[in-house]
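Chemist: with the input below, show me the fold.
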Amino acid sequence: MRAGLESRLNAIWYENQAAPWWLRALVPLYKAGNRLDRWWKLKHQPEDLKSVFIIVVGNITAGGSGKTPLVIKLCQILRRAGYRPGVISRGYGRKDGSLRLVSLASDPGAVGDEPLLIAQRAGVPVIVANDRCEAARKLVQQDINVIISDDGLQHYRLPRKLEMCVVDGSRGFGNGKLIPAGPLREPLDRLGSFDQIIVNGESAALPSELPFIPMTFVAGLLRSLESGQSWRLAQFGGCKANAVAGVGNPARFFNLLHHARIKTTEHIFPDHHVFSADDFKSMDPTLPILMTEKDAVKCRSLGLKNAWSLSVDAVLPWEWENDLLEKVALEVSREGAVE
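Modeler: Okay, the predicted model is just below:
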């Protein structure tokens, strides 16, 4: 049922299908609620966190845009420069909203798939909690001096020094309407208040008057879920494979495989889908299964044979990295570069 609803909404939001009248009628209520929520939470930002260097990475559209690889990239840059970064997240889809420290062995159902992936790839402390301010305080107690919020642009009670809005270049802002008639969490005029607008992939549909920072993804290694063995993506070139994606924009993952000349049978699942062994029973057992890292963290316990996850890395201009480190250096002391 969820997959059908997500497909229907995507057709309305991104494929120019007309929104039914009852969705359009709900937009003014959502807009008024959003304004009230923002006013109240900004008024009640905790004073003890206003001096902490907090970077919020998020988007103004529902669904995936490429935030997680950017968060991982930020952690890697900051660690190399000698800072002590940590990540906070709500942990979408997890079983409860309590505060939890994410470990490499955490259950993705308890902490969320993206926080677990960040902990595995970035090598920094990651805390999930519905209350991001509570999570931020916990990281401060662990002597973290730069906090990155994975999502949370609309969590206005959390103070922030930098706001980074990530835009999916292939989808843009869809039909430009607010939820539920469109994908927008906030009106487009909010774009003017962000410190950085980072566009994931090429786009010809975005306003030219705002300065955008380009971001691309490059494919890394394919790693076996069973043995940990790794192969270059090019080594699968010319092969046939089952391609599995339970992410916000599965086309981006499939395109990486197509560019590597892999002939795929595509299997699309809802974003943050909780996989079971039954999801794979209809797939051709003679073909390898290729999936995203985000999906792989939920599939490692399923005993899949010949299943591989593809790592991706965010690439941004070197000027962006230098500008980021200059901004952090103005307020945060470091302890020497990390090798």
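Chemist: hang on, isn't Asn59 packed against Val166?
Modeler: Yes - using CB atoms under 8 Å, Asn59 is in contact with Val166, at 5.0 Å. From N, CA and C alone the C-beta is placed, and that goes for glycine too.
Chemist: nearest residue to Asp271 other than its sequence neighbours?
Modeler: Gly248 (4.8 Å; CB to CB, 6 or more residues apart in numbering).
Chemist: and the helices in this protein, which stretches?
Modeler: 2-14, 21-43, 67-80, 108-111, 113-122, 132-141, 250-259, 293-296, 318-329 (DSSP state H).
Chemist: re the thing from before, list residues touching both of Asn59 and Val166?
Modeler: Residues within reach of Asn59 and of Val166 at once, by CB atoms under 8 Å, 6 or more residues apart in numbering, are 65, 67.
Chemist: distance check, Lys73 against Trp22.
Modeler: 41 Å (CB to CB, to the nearest Å).
Chemist: repeat for Pro285
Modeler: Pro285 is 44 Å from Trp22, by CB to CB.
Chemist: please apply the same query to Asp107.
Modeler: Asp107 is 38 Å from Trp22, by CB to CB.
Chemist: show me which of these two is the more surrounded one.
Modeler: A count of neighbours by other CB atoms under 10 Å puts Asp107 above the other of Asp107 and Trp22, at 15 against 9.
Chemist: distance of that one relative to Ser89?
Modeler: 15 Å.
Chemist: now do the contacts for Gly91.
Modeler: Neighbours of Gly91 in contact, by CB under 8 Å, 6+ apart: 100, 111-112, 114-115, 128-129.
Chemist: the chain: strands as residue ranges?
Modeler: Secondary structure of the chain by DSSP state E: the strands cover 54-58, 85-89, 100-101, 126-128, 146-150, 162-168, 196-200, 212-224, 230-232, 240-245, 263-268, 289-292, 307-315.
Chemist: now render those as a markdown table, adding mean pLDDT, distance to Lys67 and mean neighbour count.
Modeler: Compiled in a markdown table, these are given as follows (pLDDT from 0 to 100; distance: least, CB to CB, whole Å; neighbours: other CB atoms under 10 Å):
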| stretch | mean pLDDT | distance to Lys67 | mean neighbour count |
| --- | --- | --- | --- |
| strand 54-58 | 97 | 5 | 24 |
| strand 85-89 | 97 | 10 | 28 |
| strand 100-101 | 96 | 20 | 18 |
| strand 126-128 | 98 | 14 | 29 |
| strand 146-150 | 97 | 6 | 27 |
| strand 162-168 | 95 | 5 | 23 |
| strand 196-200 | 94 | 9 | 21 |
| strand 212-224 | 93 | 10 | 17 |
| strand 230-232 | 92 | 25 | 13 |
| strand 240-245 | 96 | 16 | 22 |
| strand 263-268 | 96 | 20 | 15 |
| strand 289-292 | 96 | 14 | 25 |
| strand 307-315 | 95 | 10 | 20 |
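Chemist: let's have those in a markdown table, adding distance to Trp13.
Modeler: Formatted as a markdown table, the strands of the chain follow (distance: least, CB to CB, whole Å):
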| stretch | distance to Trp13 |
| --- | --- |
| strand 54-58 | 18 |
| strand 85-89 | 24 |
| strand 100-101 | 32 |
| strand 126-128 | 27 |
| strand 146-150 | 23 |
| strand 162-168 | 12 |
| strand 196-200 | 17 |
| strand 212-224 | 21 |
| strand 230-232 | 36 |
| strand 240-245 | 18 |
| strand 263-268 | 16 |
| strand 289-292 | 22 |
| strand 307-315 | 24 |
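Chemist: brilliant, that's me finished.
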